[in-house]
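Asker: My questions concern the predicted model and sequence given below.
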Amino acid sequence: MPLIIPKELPAYDALYDENVFVMHRERAQSQNIRPLRILILNLMPTKIVTETQLARLLANSPLQVQITLLQTATHDTSHTSPEHMKAFYKTFDEVKHERFDGMIITGAPIEDLDYPDVDYWDELCEIMDYTKENVYSTIHLCWGALAGLYYHFGIPKVHLPQKMFGVFEHRVTRPSNPLVRGFDEVFYAPHSRWAGLDRAAIDACPELRVLAESDIAGPMLLSTDSGRQIFVIGHPEYDKYTLDAEYKRDVAAGKPIHIPCNYYPQDDPSRDPLFRWRAHGYLLYTNWLNYYVYQDTPYDLSQLEALKK
């Protein structure tokens, strides 16, 4: 939580310049408290695994967070029981008249498909359009980030000759941005994808800011200036053994897959993998909840302003 001190105190400007979160007394007194409403569109086939991973990160905060799980109506899941989906998930028609403080749109293992060939693409576009007026800040993850960047800004995806698979070193490129507040200058994050981004198109887009990137994996964290649209090209939500399960699944199925980079000690799949991205995964979501959901969202969501065109 923020440090509350008088704005006139010299320490206020000094700490602000150091990217320490400080709040003046008048702003603190104007705040009301209520649970944050977070909508999660779970596009992953392994619904329960993804639910758990995201809930774990969202729970690491003193803020109250209320989660609503969303599924697509135009695509039936085959990896999760109908009973689970009926008990815990809603469709877009059930929530489209509501407003949310934040939203997460997950990835999906469909990078090989052109966007119009995805059977729920039209529905996803409708949902992404809905976020601009009814959600304060939206995080797009992995394929969800690729899809969001294409839909909102026309950034094309690029098919990779080899899967980007493993744990890669990234550097923070905009340390003053609140989303990376507290990050080490260099940090690790997992990737598991067959597609990347057209970097020239990103650089040519004035609305986007690259907050962190990797020499190998490319841009990993992007945002608009307002922080209302955030794109994570990777999986900081993955737990320790997710890449291990994906690797062994593909090996068992006879699919072409290389050992995930920088994951197993000495690249030996028989050894216990290194969990070196956990702290920054927690920090990313804590920063998002605090700086882009809790601090800026109006207490009364009916007063939420639409994104400016």
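Answerer: Now that the structure is in, tell me what you want to look at.

Asker: Show the subsequent helix or strand relative to the longest strand seen in the chain.
Answerer: Identified as the longest strand of the chain according to DSSP state E is strand 157-172. Per DSSP states H and E, the first helix or strand lying C-terminal to strand 157-172 is strand 186-197.

Asker: can you list contacts of the following helix or strand past that following strand?
Answerer: Next in sequence after strand 186-197, counting helices and strands by DSSP H and E, comes helix 199-203. Helix 199-203 has contacts (Cβ atoms under 8 Å, 6 or more residues apart in numbering) with 149, 154-156, 208, 210, 218-219, 222. Every residue, glycine included, has its C-beta placed from N, CA and C.

Asker: among those residues, which ones are buried?
Answerer: Burial by neighbour count, 16 or more other Cβ atoms under 10 Å: within the contacts of helix 199-203 this picks out 149, 155, 208, 210, 218-219, 222.

Asker: Do a quick rundown of the strands in the protein.
Answerer: Counting by DSSP E, the strands of the chain are 3-4, 22-23, 36-41, 65-70, 89-90, 100-105, 135-141, 157-172, 186-197, 208-214, 218-224, 229-232.

Asker: and residue 72, backbone torsions?
Answerer: With angles defined as degrees, to the nearest 10, residue 72 sits at phi -80, psi 140.

Asker: Grab the nearest non-local neighbour of it.
Answerer: Take residue 72 and drop its neighbours on the chain: the residue closest to it by Cβ to Cβ, 6 or more residues apart in numbering is residue 120, 4.2 Å away.

Asker: swap in residue 179?
Answerer: Using Cβ to Cβ, 6+ apart, the closest residue to residue 179 is residue 287 (5.2 Å).

Asker: isn't the one you found right up against residue 181?
Answerer: Yes - at 5.6 Å, residue 287 counts as touching residue 181 under the criterion of Cβ atoms under 8 Å.

Asker: list the buried ones in stretch 228-242?
Answerer: 228-239, 242.

Asker: and what of stretch 66-74?
Answerer: Buried residues in stretch 66-74 (16+ other Cβ under 10 Å): 67-72.

Asker: Run through the residues that contact residue 99.
Answerer: Residue 99 touches 37, 134-135, 301-302, 304, counting by Cβ under 8 Å, 6+ apart.

Asker: Reformat the residues you listed as a markdown table; add pLDDT.
Answerer: Below are those laid out as a markdown table (pLDDT from 0 to 100):
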| residue | pLDDT |
| --- | --- |
| 37 | 89 |
| 134 | 96 |
| 135 | 96 |
| 301 | 87 |
| 302 | 85 |
| 304 | 88 |
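
Asker: how about these, which pair is most distant?
Answerer: 135 and 302 (13.6 Å; Cβ to Cβ).

Asker: So residue 192 versus residue 260, what's the distance?
Answerer: 8 Å (Cβ to Cβ, to the nearest Å).

Asker: overlap in contacts of the two?
Answerer: In contact with both residue 192 and residue 260: 165, 243, 246, using Cβ under 8 Å, 6+ apart.

Asker: Lowest-confidence entry in those residues?
Answerer: Within the shared contacts of residue 192 and residue 260, pLDDT reaches its minimum at residue 246, with 94.
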